[in-house]
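J.: Everything below, folded, please.
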Amino acid sequence: SVSLTDSVQSTTLIEKTLKKFPEVDTVVSRTGRAEIATDPMGVETSDIYVILKSYDKWQTAHSREELIAAFDKELTRDVPGNIFSYSQPIELRMQELIAGVRSDVAITLYGDDLDVLRDKADQIVKAVSQVPGAADVKAEQTGGLPYLRVQIRRDQIARYGINARDVLDAVETIGGKEAGEVLEGEKRFALQVRFRQQDRDDVQQIGNIKVADPAGRLIPLSELADFKLEEGPAQISRSNIHRRISVEANVRGRDLAGFIKDAQSAVTRNVSLPPGYFLEWGGQFENLQSATRRLAIVIPIALLLIFVLLFMTFKEGKPTLLILLNVPVAATGGIFALAARGMPFSISAAIGFIAVSGVAVMNGVVLITHLIALRQQGLPTREAAERGAMEKMRTMILAPLVAGLGFLPMAVSSSTGAEVQRPLATVVIGGLLTSTLLTLFVLPSLYRWFEARGRDVEL
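T.: Residues are numbered from 1 along each chain as shown. Have a look, this model is predicted:
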C-alpha cells in the first residue's frame with residue numbers, strides 16, 4: 001500500500017546509507033516498472049543498482065559476502081520497514097527466467113485459499129530462516145492492499161426505485177469511467193471522467209455522491225450503499241491450474257545442494273499442508289539438478305572412451321588399468337584440496353575433476369609407454385621401472401607444474417567470476433599434486449607387481 005512518494009523517500013534514504021561505504025562508487029534507484037513491461041513491478045518494489053569500486057580500494061570487507069552483510073546491517077538499522085534481497089543484474093534476470101523469483105531458491109506453494117497460502121508461506125519463511133546459510137528469506141507480497149468495499153443496500157434502492165446498475169455506475173466514476181476517445185493524428189487516447197483527488201480520498205465525500213431516482217431526486221450514495229475500508233489481495237498469481245505464492249531465499253556461506261536438503265527437511269518437519277496444497281522447489285537448484293544428471297551420464301561415457309582408446313593403444317589390459325588408476329587418485333587430491341579451502345562441491349569443481357583426469361591420464365601414458373619400451377629393449381622389470389621413472393621424472397614434474405602454475409591465478413582470484421574460477425582451479429591443482437606423486441613413486445612399483453604376476457622375471 002506504499003505510495004510512489006514514500007517509495008522515492010525510502011530509496012533516497014537507501015542511497016544515502018550506501019554512499020557512506022568507501023567501496024561504493026555510484027548508487028542508482030528505479031521504482032516500479034519501465035514503460036515497456038518486460039519487468040513488471042509495482043511501486044512497492046524498487047531496484048537499487050550499486051556500482052562498486054575495484055577490489056583494491058575496499059576497506060569495509062574483503063569479499064562480496066562480507067560487504068553484503070555490512071550493507072544489510074546498515075540498511076536494516078537506518079531504513080526500517082523494508083525487506084532487502086541482494087543479487088546481481090544478470091544473475092537476477094536469469095533467476096527470474098528460471099523460477100520467476102529474484103533469488104537462488106524458489107519455494108512455490110500451490111493451493112486455493114489465499115489466506116491459507118499466506119499463512120503457510122509465513123510458516124515456510126520461519127522454517128527456512130532457521131537453516132544455516134539462509135539469507136534474504138521472504139514470501140511474495142500478495143496481500144495488504146487497501147480496498148474500499150461498497151455493498152449495495154437492496155432494500156434502500158428498492159425503496160427509491162433505483163437500479164443497482166445506476167449505483168455501480170456512480171461507484172465506477174470514483175476511480176475513472178471511460179466516456180470517450182481523443183484522437184491526435186493517428187494516436188488514440190481513452191477519455192476518462194473521475195472525481196477530484198480530494199473527493200476520491202475521503203470516504204465521507206464519496207458518500208455524498210448523488211444518484212438520481214426515477215423522480216429526479218438526488219439521493220446520497222451513503223443511503224444506498226454501505227462503505228467499508230479493508231485490506232485485500234494485491235495480486236493473485238496462478239500456475240498449474242492453481243493459485244500460488246512464492247517464498248524465495250538466497251544461499252550464502254554453504255553449498256546449494258546441502259542447503260536445499262536441510263531446508264526441505266525443516267519445511268517437512270515444521271509446516272503441515274492441508275489436503276490439496278503442495279510445494280515445488282526451484283531456482284538455481286533446478287540448474288544444479290539438471291547439470292548433475294548430465295554429468296552422471298557424461299563422466300562414465302568419457303571414462304569408457306578413455307579406457308577404449310588406451311586399450312587400442314597398448315593392446316593389453318594391464319597397462320590400461322595402471323594408467324586409469326591415476327583418475328581416482330587425482331580425484332582424491334581434488335577432494336582434499338576443496339576440503340582444505342572449505343569449498344563445497346559445485347559444477348565448476350566437477351569440470352575441474354574432468355580436466356585433471358585428462359592430465360593425469362596423459363602423464364600415465366607417457367610413463368607406461370616408456371617403461372614398455374625399456375622392457376622391449378631387454379631390461380629386467382625392476383631396472384626398467386627404476387630407469388624409466390628417473391628418465392621421465394623431469395617430464396612428469398614439468399607437465400603438471402606448468403598446468404598448476406597456469407591455474408594458480410584462478411585459485412587465488414577475488415575478481416568478478418572468482419566464485420566459478422576458484423573451485424575449478426583448486427581441484428586441478430590438488431589433483432595434479434596427488435597424480436604426480438602417484439605417477440613418479442607408485443606407478444613404477446605397481447608396474448613391477450603387475451609384470452611379476454604374469455611373467456617369471458627378475459624382481
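
J.: C-alpha only now, for contacts and for neighbours.
T.: Will do.

J.: residue closest to the middle of the chain?
T.: Centrality entry for the chain: nearest residue to the mean C-alpha point is Asp104, 2.2 Å, by Cα atoms, centre = their mean.

J.: Helix or strand: which one has the closest residue to that one other than its chain neighbours?
T.: The spatially closest residue to Asp104, leaving aside those adjacent along the chain, is Asn250, at 4.8 Å (Cα to Cα, 6 or more residues apart in numbering). The secondary structure element spanning Asn250 is strand 242-251 (assigned by DSSP states H and E).

J.: strands paired with that strand, and their directions?
T.: strand 105-111 (antiparallel), strand 134-139 (antiparallel), strand 237-239 (antiparallel) (DSSP bridges).

J.: Tell me the gap between the last one and the middle of its chain.
T.: So the one you mean is strand 237-239. On the basis of Cα atoms, centre = their mean, to the nearest Å, strand 237-239 sits 21 Å off its chain's mean C-alpha point.

J.: Now do it, average pLDDT.
T.: Per-region confidence: strand 237-239 scores 82 on mean pLDDT.

J.: Please identify the buried residues of that strand?
T.: The neighbour-count criterion (16 or more other Cα atoms under 10 Å) identifies no buried residues in strand 237-239.

J.: mind showing which ranges of the stretch 151-300 of the chain have poor pLDDT?
T.: Residues of the stretch 151-300 of the chain that meet the criterion pLDDT under 70 are absent altogether.

J.: hey, where'd the helices end up in it?
T.: When assigned using DSSP state H, counting those that start in this stretch, the helices of the stretch 151-300 of the chain occupy the ranges 154-160, 164-175, 197-200, 203-207, 256-270, 284-314.

J.: quick one, which of those is nearest to Glu230?
T.: Proximity to Glu230, assessed across the helices of the stretch 151-300 of the chain by Cα to Cα, is greatest for helix 203-207 (12.6 Å).

J.: neighbouring contacts of that closest one?
T.: Surrounding helix 203-207, the residues in contact under the criterion Cα atoms under 8 Å, 6 or more residues apart in numbering are Ile174, Asp199, Arg200, Pro220, Leu221, Ser222, Glu223, Phe227.

J.: circling back: how much space is there between the residue nearest to the centre of the chain and Ala257?
T.: For Asp104, the distance to Ala257 (Cα to Cα, to the nearest Å) stands at 11 Å.

J.: same check, this time on Val28
T.: 34 Å.

J.: Those two - which one has more neighbours?
T.: Applying other Cα atoms under 10 Å to Val28 and Ala257 shows that Ala257 carries more neighbours, namely 16 against 12.

J.: Neighbours of the closest residue to the more buried one other than its chain neighbours, how many?
T.: Sequence neighbours aside, Phe285 is the residue nearest to Ala257 in space, at 7.0 Å (criterion: Cα to Cα, 6+ apart). Residues within reach of Phe285, counting by other Cα under 10 Å, total 19.

J.: how about Phe285, what does it touch?
T.: By Cα under 8 Å, 6+ apart, Phe285 lies in contact with Asp104, Val105, Leu256, Ala257, Ile260.

J.: Quick one: the residues you listed as CSV, columns for distance to Leu437 too.
T.: Formatted as CSV, the contacts of Phe285 follow (distance: Cα to Cα, whole Å):
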residue, distance to Leu437
Asp104, 40
Val105, 41
Leu256, 33
Ala257, 32
Ile260, 37
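
J.: before we move on, back to that, would a markdown table of the helices of the stretch 151-300 of the chain with distance to Pro146 be doable?
T.: Putting the helices of the stretch 151-300 of the chain into a markdown table (distance: least, Cα to Cα, whole Å) gives the following:
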| stretch | distance to Pro146 |
| --- | --- |
| helix 154-160 | 25 |
| helix 164-175 | 14 |
| helix 197-200 | 14 |
| helix 203-207 | 13 |
| helix 256-270 | 31 |
| helix 284-314 | 35 |
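
J.: Ok, which of these comes nearest Asp78?
T.: Of all the helices of the stretch 151-300 of the chain, it is helix 256-270 that lies closest to Asp78, at 30.2 Å by Cα to Cα.

J.: tell me which element Gly358 is part of?
T.: Using DSSP H and E, Gly358 sits in helix 347-376.

J.: and the angle from that helix to helix 284-314?
T.: 10 degrees (axes from the mean of the first three to the mean of the last three Cα atoms, to 10 degrees).

J.: how far does the helix or strand following helix 347-376 sit from the chain's center?
T.: Stepping forward along the backbone from helix 347-376, the first helix or strand reached (DSSP H and E) is helix 381-391. Average the C-alpha atoms of helix 381-391, do the same for its chain, and the two points are 53 Å apart (Cα atoms, centre = their mean).

J.: what do you get for stretch 404-412?
T.: Stretch 404-412 has its C-alpha centroid displaced from the chain centroid by 27 Å (Cα atoms, centre = their mean).

J.: in it, what counts as buried?
T.: In terms of neighbour count (16+ other Cα under 10 Å), stretch 404-412 has its buried residues at Gly404, Phe407, Leu408, Met410, Ala411.

J.: Closest to Lys210 out of these?
T.: Each of the buried residues of stretch 404-412 was scored against Lys210 by Cα to Cα, and Met410 proved nearest at 74.7 Å.

J.: and the gap between that closest one and Ile397?
T.: Distance, Met410 to Ile397, using Cα to Cα: 21 Å.

J.: about what we covered before: same list (the contacts of helix 203-207) but as TSV, adding neighbour count and distance to Tyr277.
T.: Formatted as TSV, the entries for the contacts of helix 203-207 read as follows, by neighbours: other Cα atoms under 10 Å; distance: Cα to Cα, whole Å:
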residue	neighbour count	distance to Tyr277
Ile174	18	38
Asp199	16	43
Arg200	15	40
Pro220	15	46
Leu221	23	42
Ser222	19	41
Glu223	15	43
Phe227	16	34
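
J.: what's next to stretch 161-181, contact-wise?
T.: Looking at what lies outside stretch 161-181 - Cα under 8 Å, 6+ apart - the contacts are 152, 157, 188-195, 200, 206, 209, 211-214, 221, 224.

J.: rewinding a little: and the strand holding Asn250, what's buried?
T.: Neighbour-count burial for strand 242-251 flags Arg243, Arg244, Ile245, Ser246, Val247, Glu248, Ala249, Asn250, Val251 (criterion: 16+ other Cα under 10 Å).

J.: Many thanks, I have nothing further to ask.
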